[in-house]
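[1] coordinates for the following, if possible.
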Amino acid sequence: QVQLRESGPGLVKPSQTVSLTCTVSGGSIAANYDIWHWIRQPPGKGLEWMGAISYSGNTYNMPALKSRTSISRDTSKNQVILQLDSVTSEDTAVYYCARSPSWSGMRTWGQGTQVTVSS
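    Residues are numbered from 1 along each chain as shown. I've put the predicted structure just below:
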C-alpha cells in the first residue's frame, strides 16, 4: 500500500524559498506510470493543483506558478520535492502531495503539511 508523507519548515518569511518533501513508501516513484502531484489549499479556499512529476521524471507546472516553482525527485530516497521561490502571504496554505495512476485522478494523498508565510 502506497503511503505519502509531506514535510517542510512550517513557518517561512516573505521573499524566502520554501522546500517541501514528499516521502513515498510502499512503492517506487519511478515505476508503474504513476504521476506525483503537489496540490495546496489556502485557508478558506479550494484545492489548487501546482504541478507534478512523472515516473520518468518529466515535470509539469501550473502556468501561473511556473516561474516560481520547481518539482524534482530523489529516486534514491524515493522522495518528490517542491521548491517555491519568493513566497508571499498568498502562499500560506496546506500543501499536499498525491499520486495518480497516469492522469486518471488522484488515488492516494498525504496528510498535508502547513506552510505559513509571515514575518
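
[2] the residue found closest to residue 25 once you drop the neighbours it is linked to in the chain and residue 9: what is the separation?
    Nearest residue to residue 25 in three dimensions, chain neighbours excluded: residue 3, at 4.9 Å (Cβ to Cβ, 6 or more residues apart in numbering). Where C-beta positions appear, they are placed from N, C-alpha and C, glycine not excepted. Distance, residue 3 to residue 9, using Cβ to Cβ, to the nearest Å: 22 Å.

[3] what residue ranges in this structure score low on pLDDT?
    Under the criterion pLDDT under 70, no range of the chain is flagged.

[4] give me the most central residue, it.
    residue 38 (2.9 Å; Cα atoms, centre = their mean).

[5] what about the strands in this structure?
    3-7, 11-12, 18-25, 34-41, 48-54, 59-61, 69-74, 79-84, 93-101, 108-109, 113-117 (DSSP state E).

[6] output the third one as PDB - backbone C-alpha positions only.
    Coordinates of the C-alpha atoms in strand 18-25 are reproduced here as PDB (Å, rounded to 0.1, in the frame of the first residue of the first chain):
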ATOM      1  CA  VAL A  18      10.400  27.000   0.800                       C
ATOM      2  CA  SER A  19      11.300  23.400   0.100                       C
ATOM      3  CA  LEU A  20       8.800  20.700   0.800                       C
ATOM      4  CA  THR A  21       9.400  16.900   0.600                       C
ATOM      5  CA  CYS A  22       7.100  14.100  -0.100                       C
ATOM      6  CA  THR A  23       8.400  10.800   1.100                       C
ATOM      7  CA  VAL A  24       6.800   7.800  -0.500                       C
ATOM      8  CA  SER A  25       6.700   4.300   1.000                       C
END
